[in-house]
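Participant: What follows is a protein structure lacking sequence information:
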């Protein structure tokens, strides 16, 4: 490997010259700027820089170049240090002594490095390498930082299928098979449900200037669960206490045993409020109410009743709501048909027909199959809406809407600001508590005000931590909604009848002509129809 070109100050009577030693083999040539910076460093202020530039460009170094018509003082060997912006490393570049100057010693180089601000990571082997075989105008990585040891985010592994999207089979005749939905995740007593790998915060490093280099921030998680679940002592594992089924709503693990209703929900049962899953063999009659912390499964028909589920709702036949029926699920809703009802769904909605109903869904709405009909009422979601047919030839007013997430984004930002304020309050509280505890440990007397502060902090700190955790969970839910709204569209596999109103975010369009096999998307201030 060749050596870089370098230059040297040569002292002659009444003159100061520049001698250039050309590069050998594949070594690099220095730039004129480097020579000029060196002259500035040693105090050579008046010289012909144009002539110097021409001399270096000509590259005929058999003769020396006249810098100035006087002899300057001898210059010793120099070490010029450059530290990277973040202090990851320091690079030294050496320049030879003038013909009357002195060479650097090991102690001189170490002193120069410390003078340049290097306090950590000096590579003494590189210093020795230079002293043994000096190369000039050559970069030496002479100090390196101790990099931070990066940690990792917390991770939760669920030992059951967390896919909550029902995917019923589409039969050859165009009908949809709602019998095998895959929504129920069975568990036995003692089954492991989830394992938490805690966050590793890593270890800080040290820059070459002695500054702490923090590791990247990591996200922490905690296992959250409902009843019938045991958590291990280290809070890293969840186990089922009962035989039943497990569901995941947001990040809350729930195990429920099932309450079976052998016939109809009617006067013989009264209203049902159950902390688990409810399975109804028959119908749910008008005026009755089922509220379940888990899923609600109805094998018969739901009339003008109210069903509220912390998990999913599955109607294997359908619902004739008679303008008073209501479905409200934090998870998914799957039904054969829904008519004249009010629907609120935190997950996805899958149905063969939705008629004259007020429907709001966080996730996707899929009304496909042999009919796949959305007709009448107002159906809206933050995510995609798919159907075989929209509206009818009778011109029934039908509104299909992709909801705006502007308010969600605003609320998300406001909640993040509140989290930051709460964390700052918690930080200041901890600083005061540490100071008081140090006084106590040293045996010093603390004031009554400090005693009172300890009492108040003991009561308020856990509450503040719980509030932060709650707001973080809210942000996670809002983040999911914001992600769902990205590029959401209304997709129609069959026909869109005239009279249907399409709304995407804050833009609306009334369909005046029939469309088929298309999807509606927002482009700027318009709603466009694209072929599929």
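Facilitator: Perfect, thanks for sending it. Since this is a predicted model, take the numbers as computed values, not measurements.
Participant: So in that sheet, which strands flank the strand ranked longest in the chain, and in what orientation?
Facilitator: In terms of residue count, the longest strand belonging to the chain (DSSP state E) is strand 318-329. Partner strands and pairing direction for strand 318-329 (DSSP bridges) are strand 301-302 (parallel), strand 306-309 (parallel), strand 338-345 (parallel).
Participant: which parts of it are buried?
Facilitator: Residues of strand 318-329 classed as buried: 318-321, 325-329 (neighbour count, 16 or more other C-beta atoms under 10 Å). For glycine as for every other residue, the C-beta is placed from the backbone atoms N, C-alpha and C.
Participant: I'd like to know how far residue 238 sits from residue 229.
Facilitator: 5 Å (C-beta to C-beta, to the nearest Å).
Participant: what sits against residue 199?
Facilitator: Residue 199 is in contact with 151-154, 218-221, counting by C-beta atoms under 8 Å, 6 or more residues apart in numbering.
Participant: Could you rerun that using 7 Å?
Facilitator: Residue 199 makes contact with 151-154, 218-220, according to C-beta atoms under 7 Å, 6 or more residues apart in numbering.
Participant: ok, now residue 372?
Facilitator: Counting by C-beta under 7 Å, 6+ apart, the residues that residue 372 touches are 352, 387-389, 493-494.
Participant: Report the residue spans of the protein with pLDDT below the cut-off.
Facilitator: 1, 164-184, 405-410, 478, 480-486 (pLDDT under 70).
Participant: just the helices in it please.
Facilitator: 32-42, 49-58, 106-115, 124-132, 406-441, 448-484 (DSSP state H).
Participant: Sort out which residues of the fifth one are buried, please.
Facilitator: Looking back up the chat, that one is helix 406-441. 408, 412, 415, 419, 426, 429, 433, 436.
Participant: The shortest one now?
Facilitator: By neighbour count on 16+ other C-beta under 10 Å, the buried set for helix 124-132 is 126-127, 130.
Participant: and the angle from that helix to helix 106-115?
Facilitator: 130 degrees (axes from the mean of the first three to the mean of the last three C-alpha atoms, to 10 degrees).
Participant: List the contacts of helix 124-132.
Facilitator: In contact with helix 124-132 (C-beta under 7 Å, 6+ apart) are residues 94, 106, 109-110, 140-142.
Participant: Next, format those residues as a markdown table and append distance to residue 471.
Facilitator: Formatted as a markdown table, the contacts of helix 124-132 follow (distance: C-beta to C-beta, whole Å):
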| residue | distance to residue 471 |
| --- | --- |
| 94 | 57 |
| 106 | 58 |
| 109 | 55 |
| 110 | 52 |
| 140 | 51 |
| 141 | 46 |
| 142 | 48 |
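Participant: what residues are up against residue 527?
Facilitator: 502, 504, 507, 509, 520.
Participant: what does residue 194 give?
Facilitator: Here residue 194 is in contact with 156-159, 223, 238, 253 (C-beta under 7 Å, 6+ apart).
Participant: Just the buried ones among the residues you listed, please.
Facilitator: For the contacts of residue 194, buried by 16+ other C-beta under 10 Å: 156, 158, 223, 238, 253.
Participant: so the fourth one makes contact with residue 228?
Facilitator: No. Using C-beta atoms under 7 Å, residue 238 makes no contact with residue 228, being 10.6 Å away.
Participant: okay, the helices of the chain in JSON lines with distance to residue 185 next?
Facilitator: Listed next are the helices of the chain as JSON lines, based on distance: least, C-beta to C-beta, whole Å:
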{"stretch": "helix 32-42", "distance to residue 185": "69"}
{"stretch": "helix 49-58", "distance to residue 185": "76"}
{"stretch": "helix 106-115", "distance to residue 185": "63"}
{"stretch": "helix 124-132", "distance to residue 185": "60"}
{"stretch": "helix 406-441", "distance to residue 185": "29"}
{"stretch": "helix 448-484", "distance to residue 185": "20"}
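Participant: Which of the ones you listed sits closest to residue 343?
Facilitator: Among the helices of the chain, the nearest to residue 343 by C-beta to C-beta is helix 448-484 (17.3 Å).
Participant: Who are the packing partners of the closest one?
Facilitator: helix 406-441 (3 or more C-beta pairs under 7 Å, 6 or more residues apart in numbering; DSSP states H and E).
Participant: which strands and helices sit next to the helix it packs on?
Facilitator: helix 448-484.
Participant: ok now the helix it packs on, how far from the chain's centre?
Facilitator: Relative to the centre of its chain, helix 448-484 is centred 21 Å away, using C-alpha atoms, centre = their mean, to the nearest Å.
Participant: relative orientation of that helix and helix 406-441 in degrees?
Facilitator: Using the same axes, to 10 degrees: helix 448-484 against helix 406-441 is 150 degrees.
Participant: Distance of residue 501 relative to residue 490?
Facilitator: The value you get for residue 501 to residue 490, if C-beta to C-beta is used, is 11 Å.
Participant: Repeat that for residue 477.
Facilitator: For residue 477, the distance to residue 490 - C-beta to C-beta - is 24 Å.
Participant: show me the contacts for residue 80.
Facilitator: So residue 80 contacts residue 93 (C-beta under 7 Å, 6+ apart).
Participant: so it bridges to which residues?
Facilitator: residue 93.
Participant: coming back round to it: let me have the buried residues of strand 318-329 in a markdown table, extended by distance to residue 18.
Facilitator: Compiled in a markdown table, the buried residues of strand 318-329 are given as follows (distance: C-beta to C-beta, whole Å):
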| residue | distance to residue 18 |
| --- | --- |
| 318 | 94 |
| 319 | 94 |
| 320 | 99 |
| 321 | 95 |
| 325 | 95 |
| 326 | 91 |
| 327 | 89 |
| 328 | 86 |
| 329 | 84 |
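Participant: wait, which of these is closest to residue 3?
Facilitator: Nearest to residue 3 among the buried residues of strand 318-329, with distances taken as C-beta to C-beta, is residue 329, at 75.5 Å.
Participant: Could you measure from residue 252 over to residue 467?
Facilitator: 18 Å.
Participant: what do you get for residue 12?
Facilitator: Residue 12 is 80 Å from residue 467, where distance means C-beta to C-beta.
Participant: Who has more neighbours out of these two?
Facilitator: residue 467 (14 against 11; other C-beta atoms under 10 Å).
Participant: And for the closest residue in space to residue 425 that isn't next to it in sequence, the neighbour number?
Facilitator: Counting by C-beta to C-beta, 6 or more residues apart in numbering, residue 464 is the residue found nearest to residue 425 once chain neighbours are left out, at 6.7 Å. By the criterion of other C-beta under 10 Å, residue 464 has 15 neighbours.
Participant: from memory residue 464 sits against residue 426, does it?
Facilitator: Yes. Using C-beta under 7 Å, residue 464 is in contact with residue 426, at 5.6 Å.
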